[in-house]
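1. Fold the following, please.
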Amino acid sequence: MTVWRNLANALIVPEIRNRVLFVFGAFAAFVLAVYIQVPYVNIQAWQQILSQGQFLNFLGFLSGGALQRFSVVAMGITPYINASIIMQLLTVVFPEIKEMMQHGGEEGRKKVGLYTRWLTVVLAVVQATTMVVALSRAKVFAPPATMNPLLYLIMVVITLTAGTIWLMWLGEQITDKGIGNGVSLIIFVGIILRYPTYFSQTLSASQKGGLPIFGIVLFLLIAIVSLISIIFMYQGQRRVPVQYAKRVVGRKVYGGRSTYIPLRLNNAGVISIIFAISILLFPQQISAWAQGLHKPFAQAYATFIALHFNYNSFLYNAVYFLLVVGFTFFYSEVVINIMDIGDSLKKQGGFIPGIRPGKPTVDYLQKILHRITVVAAVYLGLLAILPNITQSMTHVTTFYLGSTSLLIVVGVALDTLNQIEARLAMRDYRGFIKQ
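-> Predicted coordinates for the structure are as follows:
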């Protein structure tokens, strides 16, 4: 009830209402761009290539079907996501970037944002060029005879790159003039756009008797339980109590208050699953290419992948689970710097009750982080293989209950609702001060 009341209040306040309307206007512009197709593309040949492997489908699952239609935003916002991940990982290698992000203030964040944008442009050009060169050999492009083929391919590369840059700009506009993180909301819409197709396919299959009623009911129960568990995972945190010592400066007493350090249960978010899927899809795509070769080794490899490393096999799901667990631990160590937290507590005169400041505090926090990361890693690993298990149990193959999409949709929705609540609270405080 509180959520619906906050949404109703947000539509009443003119400032927040204008921001919400701007967000929906940006969504409409994105959906329109999804249906603007790159000219002279052989859609039949393109769809045949998409049906041969899952790698390109994975690249397009965040684009709302733009890749499947080969529209001007076919690459989606993926280059920007990759650039942001690379910048985060570079903080481990280059302490200067980390210092700029944490202690450089607004100017430092602007510089890091500028580096991320330029890296996005570079990655978009590389990805677009690779796609265009590979697809031109597959006869996906069919420009008229009067057009220079090389100029046409250059035009397609520029178009795809410009589409990604436009989406990056649109996301920044949503962040500045709307509510929530703009890039995350674009990804959110890209995922949501696929759901009507899933619903219609599932409904059509059930009406034709292709899906059992028990399977559909079981599928709905698994979906509801998954959503509830993801919400608890996102909201869950381990609160470590912290006490600040009293300091007397002149006639005033500072400190002496109690607070806590919130260690989130899921620090890796959806990144660990994305990394694991990216690695797992390479053998699948190589197998699709190997089927076209008439070499004994290539045929043997393709046969092995088809029999023992398909989506329903035990080996595939076991490797998937282990990769997600490993990447969750890795990314949690990158995101959470326990050493900085311990140094900050020591400088501010804070301590954990019963734990000495300095290295004992760092060791204690590291131990807690490892414990909660074990829970998050196992949960994310089970959530990652859940779609494959769900399809084998329910036989519902027309609605893909993707773990990555569920995590993104729930996370972005919760973050946007929290920002709406924060703006409503700020407005109430402002009104109280004016009175």
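
2. Next, the buried residues of stretch 115-131.
-> Buried residues in stretch 115-131, defined by neighbour count with 16 or more other CB atoms under 10 Å: 115-117, 119-121, 123-125, 127-129, 131. The way it works is simple: take the backbone N, C-alpha and C, and place the C-beta from them, glycine included.

3. Just the residues you listed: which are in strands?
-> Assigned to strands by DSSP state E, none of these qualify.

4. Distance to residue 387 added to the residues you listed, as a markdown table?
-> Output for the buried residues of stretch 115-131, formatted as a markdown table (distance: CB to CB, whole Å):
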| residue | distance to residue 387 |
| --- | --- |
| 115 | 36 |
| 116 | 31 |
| 117 | 34 |
| 119 | 32 |
| 120 | 29 |
| 121 | 34 |
| 123 | 28 |
| 124 | 29 |
| 125 | 33 |
| 127 | 26 |
| 128 | 30 |
| 129 | 32 |
| 131 | 26 |
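
5. Can you name the element that comes right after the helix or strand where residue 109 lies?
-> Under the criterion of DSSP states H and E, residue 109 resides in helix 105-137. Downstream of helix 105-137, the next assigned helix or strand under DSSP H and E is helix 149-177.

6. Which elements pack onto that following helix?
-> The contact analysis (3 or more CB pairs under 8 Å, 6 or more residues apart in numbering; DSSP states H and E) places helix 149-177 against helix 14-34, helix 78-93, helix 105-137, helix 182-192.

7. Kindly state the domain boundaries assigned to this protein.
-> For the chain, the domain assignment from automatic domain parsing gives the residue ranges 1-193, 210-401.

8. Need those in JSON lines (columns: mean pLDDT and distance to residue 416).
-> Formatted as JSON lines, the domains of the chain follow (pLDDT from 0 to 100; distance: least, CB to CB, whole Å):
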{"stretch": "domain 1-193", "mean pLDDT": "83", "distance to residue 416": "4"}
{"stretch": "domain 210-401", "mean pLDDT": "80", "distance to residue 416": "13"}
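
9. got CSV for those domains, with distance to residue 202 too?
-> Listed next are these as CSV, based on distance: least, CB to CB, whole Å:
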stretch, distance to residue 202
domain 1-193, 16
domain 210-401, 4
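
10. Please tell me how far residue 14 sits from residue 277.
-> For residue 14, the distance to residue 277 equals 43 Å [CB to CB, to the nearest Å].

11. Give me the more crowded residue out of the two.
-> Set side by side, residue 14 and residue 277 show more neighbours around residue 277, with 20 against 8, by other CB atoms under 10 Å.

12. so that one touches residue 404, yeah?
-> Yes - with contact defined as CB atoms under 8 Å, residue 277 counts as touching residue 404 (6.9 Å).

13. In TSV: the helices and strands packed on helix 149-177, plus distance to residue 172.
-> Below are the helices and strands packed on helix 149-177 laid out as TSV (distance: least, CB to CB, whole Å):
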stretch	distance to residue 172
helix 14-34	11
helix 78-93	10
helix 105-137	9
helix 182-192	6
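
14. Deepest-packed of those helices, please.
-> Here the criterion is mean neighbour count by mean count of other CB atoms under 10 Å, and of the helices and strands packed on helix 149-177 the winner is helix 182-192, at a mean of 22.

15. Would you mind finding the longest helix in the protein?
-> Identified as the longest helix of the chain according to DSSP state H is helix 359-394.

16. who are the neighbours of that one, in terms of helices and strands?
-> Using 3+ CB pairs under 8 Å, 6+ apart, helix 359-394 is in contact with helix 213-235, strand 237-244, strand 258-264, helix 271-290, helix 314-335, helix 338-347, helix 403-434.

17. Let's have these in JSON lines, adding distance to residue 138.
-> Formatted as JSON lines, the helices and strands packed on helix 359-394 follow (distance: least, CB to CB, whole Å):
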{"stretch": "helix 213-235", "distance to residue 138": "36"}
{"stretch": "strand 237-244", "distance to residue 138": "49"}
{"stretch": "strand 258-264", "distance to residue 138": "44"}
{"stretch": "helix 271-290", "distance to residue 138": "11"}
{"stretch": "helix 314-335", "distance to residue 138": "27"}
{"stretch": "helix 338-347", "distance to residue 138": "49"}
{"stretch": "helix 403-434", "distance to residue 138": "27"}
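
18. quick one: which of those is nearest residue 36?
-> Taking CB to CB, helix 403-434 is the member of these nearest to residue 36, at 23.8 Å.

19. for the closest one, the distance to its chain's centre please.
-> Centroid separation between helix 403-434 and its chain, computed with CA atoms, centre = their mean, to the nearest Å, is 18 Å.

20. and the angle for that helix with helix 213-235?
-> Orientation check (axes from the mean of the first three to the mean of the last three CA atoms, to 10 degrees): helix 403-434 against helix 213-235 gives 50 degrees.

21. Could you check the angle helix 403-434 makes with helix 359-394?
-> Using the same axes, to 10 degrees: helix 403-434 against helix 359-394 is 130 degrees.

22. name the helices or strands packed onto helix 403-434?
-> By 3+ CB pairs under 8 Å, 6+ apart, helix 403-434 packs against helix 2-12, helix 14-34, helix 182-192, helix 213-235, helix 271-290, helix 359-394.

23. Pull out the buried positions in that helix.
-> Using 16+ other CB under 10 Å as the test for burial, helix 403-434 gives 403-413, 415-417, 419-421, 423-424.

24. doesn't residue 79 make contact with residue 183?
-> No - with contact defined as CB under 8 Å, residue 183 does not count as touching residue 79 (11.2 Å).

25. hmm, back to that, nearest to residue 325, of the helices and strands packed on helix 149-177?
-> helix 78-93 (18.7 Å).

26. Keeping just the C-alphas, turn that closest one into PDB.
-> Only the C-alpha atoms of helix 78-93 are listed here, as PDB (Å, rounded to 0.1, in the frame of the first residue of the first chain):
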ATOM      1  CA  THR A  78      25.900  -3.000 -24.200                       C
ATOM      2  CA  PRO A  79      29.100  -1.000 -25.100                       C
ATOM      3  CA  TYR A  80      28.400   1.500 -22.400                       C
ATOM      4  CA  ILE A  81      27.800  -1.300 -19.800                       C
ATOM      5  CA  ASN A  82      31.100  -2.900 -20.900                       C
ATOM      6  CA  ALA A  83      32.900   0.400 -20.600                       C
ATOM      7  CA  SER A  84      31.500   1.000 -17.100                       C
ATOM      8  CA  ILE A  85      32.600  -2.500 -16.000                       C
ATOM      9  CA  ILE A  86      36.100  -2.000 -17.400                       C
ATOM     10  CA  MET A  87      36.400   1.300 -15.600                       C
ATOM     11  CA  GLN A  88      35.400  -0.300 -12.300                       C
ATOM     12  CA  LEU A  89      38.000  -3.100 -12.900                       C
ATOM     13  CA  LEU A  90      40.700  -0.500 -13.800                       C
ATOM     14  CA  THR A  91      40.400   0.900 -10.300                       C
ATOM     15  CA  VAL A  92      42.100  -2.200  -9.000                       C
ATOM     16  CA  VAL A  93      45.000  -1.800 -11.500                       C
END
